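Student: Need the 3D shape of this:
(2 chains)
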Protein chains: 2
Amino acid sequence: MTYCVGLMVDEGMVLLSDTRTNAGLDNIATYKKMFVFEDPGKRVIVILTAGSLSTTQTVIAKLTEAIDDPEATQETSFMLAPSLLQSVEIIGSMLSETTVEINEKLTRMNQSAAASFIVAGQRVGGDPRLFLVYPEGNFIEATHDTPFLQIGEHKYGKPILDRVIQRSTSLDDARKAALLSMDSTLRSNLSVGMPLDLAVIKNGACKVNQYQRIDAGDPEFTKLSDAWSNALRDSFAAIST
Amino acid sequence: MTYCVGLMVDEGMVLLSDTRTNAGLDNIATYKKMFVFEDPGKRVIVILTAGSLSTTQTVIAKLTEAIDDPEATQETSFMLAPSLLQSVEIIGSMLSETTVEINEKLTRMNQSAAASFIVAGQRVGGDPRLFLVYPEGNFIEATHDTPFLQIGEHKYGKPILDRVIQRSTSLDDARKAALLSMDSTLRSNLSVGMPLDLAVIKNGACKVNQYQRIDAGDPEFTKLSDAWSNALRDSFAAIST
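Tutor: This is a model prediction of the structure:
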């Protein structure tokens, strides 16, 4: 499994993903699930992936090929599309086509090629936008009412986000909440694992302002995780029934 | 869906269940999912149910019929069985048989009759025991290492239990943790709903020492829920990245 989360607040966006993939519990590997595409100052798009690794790798490879193609057009390269909405449409179509293609091979084996993406980005002159793209290629967008989107093993890490994230939350607090949401998931589900990839995009920057690979034993993450554990235990002890 | 949790600590056991059932989002109803069987001071068994309502109702009805049968034996009535293990075997067999029977009717409709139980109990002279019974009738038991069992929508409420529950936790704290675990689940998943049923069984009492129906707006639960929300927000604000 996987856990990826994208948060959108007034100051910008925070994206966080784990790196564990598994084909059975005895076949575990580390794969990056965060893909950054940027033309700094002009356009930034970050894609987080969950689901069948063969599908997500193929989609990312094909999308990258389309961007690098010297004959790329607004219709084929999501880095040239005139709006973020059109970019996410290109990504969604590629996901849908690839899923159908791989599914045909897999149905004989009773396996699924389903995958889903979180797509976050901004182009100069446009608003920052955050989307969740479904295996069928359709998508939903984060709004003021629902300022975060999750894919993969999302349930363990949802309660903390439900309680603290609003559109007015600061970017630093959004980053902290994403890390704590991941921490709860890591503790409760073995199929989500370190290292983590974190990206912070400030509103209007049109580039990734902070990109960080967080390894197991990372001092900041360990400190945060311990502090949160202690705070939860202290709070639990302090409140009375 | 459903959320039921059973906790076993040195001082005793805490059982908590919600009451929401739904056949689609537009067909919601309230059904008790906690069933108490007691011969006070001699034997107590509490069953919590999750899954297909037609299966769980039929199983509980048949088990009750077997107990009330004037010709009930140690083999047919789980209230007469010579050990808790044999009681849970009777319950498991009934669940398995009923599931198979109802499944036959449902496969044509592509629906599932699967259901699972938490069974907690103690008989005089024996140890308190806590089991999770699977749809197939097999079961696992809570141990010192894993002092709680959950059925239904278990993920949202697991992080808090993972952090605070140990075998040495007091019975009051176990009760508080069960309620907070339910509170997180209620906030994040619409298919789990009030009122709640709570039972506390002290070690050696062989009866339910506290049984409580907690309705929406219950002052104690509301106070606990608010205090926990505030504590989480304060803790979140206090810790630094």
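
Student: which residues are contacting the host helix or strand of A:Lys105?
Tutor: Following DSSP states H and E, one finds A:Lys105 within helix A:84-106. The contact list for helix A:84-106 (C-beta atoms under 8 Å, 6 or more residues apart in numbering or on different chains) reads A:45, A:47, A:52, A:54-55, A:58-59, A:62-63, A:66, A:74-79, A:81, A:112-117, A:119, A:121-123, A:126-127, A:129, A:131, A:133-139. For glycine as for every other residue, the C-beta is placed from the backbone atoms N, C-alpha and C.

Student: What about those, which are in strands?
Tutor: Using DSSP state E, the members of the contacts of helix A:84-106 that fall in strands are A:45, A:47, A:115-117, A:119, A:121-123, A:129, A:131, A:133, A:139.

Student: Buried residues, the helix holding A:Lys105. List them.
Tutor: A:84, A:87-92, A:94-96, A:98-99, A:102-103, A:106 (16 or more other C-beta atoms under 10 Å in any protein chain shown).

Student: From those residues, which shows the smallest pLDDT?
Tutor: Least confident entry in the buried residues of helix A:84-106, by pLDDT: A:Leu106, with 79.

Student: quick one: contacts for the spatially most central residue of chain A?
Tutor: In chain A, the C-alpha nearest the mean C-alpha coordinate belongs to A:Leu48, at 3.5 Å (C-alpha atoms, centre = their mean). A:Leu48 makes contact with A:4, A:6, A:15, A:17, A:33-35, A:117-120, A:151, according to C-beta under 8 Å, 6+ apart.

Student: near chain B, which residues of chain A?
Tutor: A:155-156, A:158-160, A:162-164, A:172-173, A:175-177, A:179-180, A:184, A:187-188, A:220, A:224, A:227-229, A:231-241 (C-beta under 8 Å from any C-beta of the partner chain).

Student: What subset of those residues is buried?
Tutor: A:155-156, A:158-160, A:163-164, A:173, A:175-177, A:179-180, A:184, A:187-188, A:224, A:227-228, A:231-232, A:235-236, A:239.

Student: residue boundaries of the helices in chain A?
Tutor: A:53-68, A:84-106, A:158-164, A:171-188, A:219-238 (DSSP state H).

Student: could those be laid out in JSON lines, adding distance to B:Ala216?
Tutor: What follows is these, written out as JSON lines (distance: least, C-beta to C-beta, whole Å):
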{"stretch": "helix A:53-68", "distance to B:Ala216": "43"}
{"stretch": "helix A:84-106", "distance to B:Ala216": "40"}
{"stretch": "helix A:158-164", "distance to B:Ala216": "19"}
{"stretch": "helix A:171-188", "distance to B:Ala216": "27"}
{"stretch": "helix A:219-238", "distance to B:Ala216": "24"}
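
Student: low-confidence ranges in chain A?
Tutor: For chain A, the stretches flagged by pLDDT under 70 are A:25.

Student: which among the contacts of helix A:84-106 end up buried?
Tutor: A:45, A:47, A:52, A:55, A:58-59, A:63, A:66, A:76-79, A:81, A:113-117, A:119, A:121-123, A:129, A:131, A:133-135, A:137, A:139.

Student: Pull out the buried positions in stretch A:138-149.
Tutor: Across stretch A:138-149, burial judged by 16+ other C-beta under 10 Å covers A:139, A:142, A:147-149.

Student: oh sorry, the question was meant for stretch A:198-206
Tutor: Residues of stretch A:198-206 classed as buried: A:198-202, A:205-206 (neighbour count, 16+ other C-beta under 10 Å).

Student: List just the nearest of these to B:Ser168.
Tutor: A:Leu198 (36.9 Å; C-beta to C-beta).
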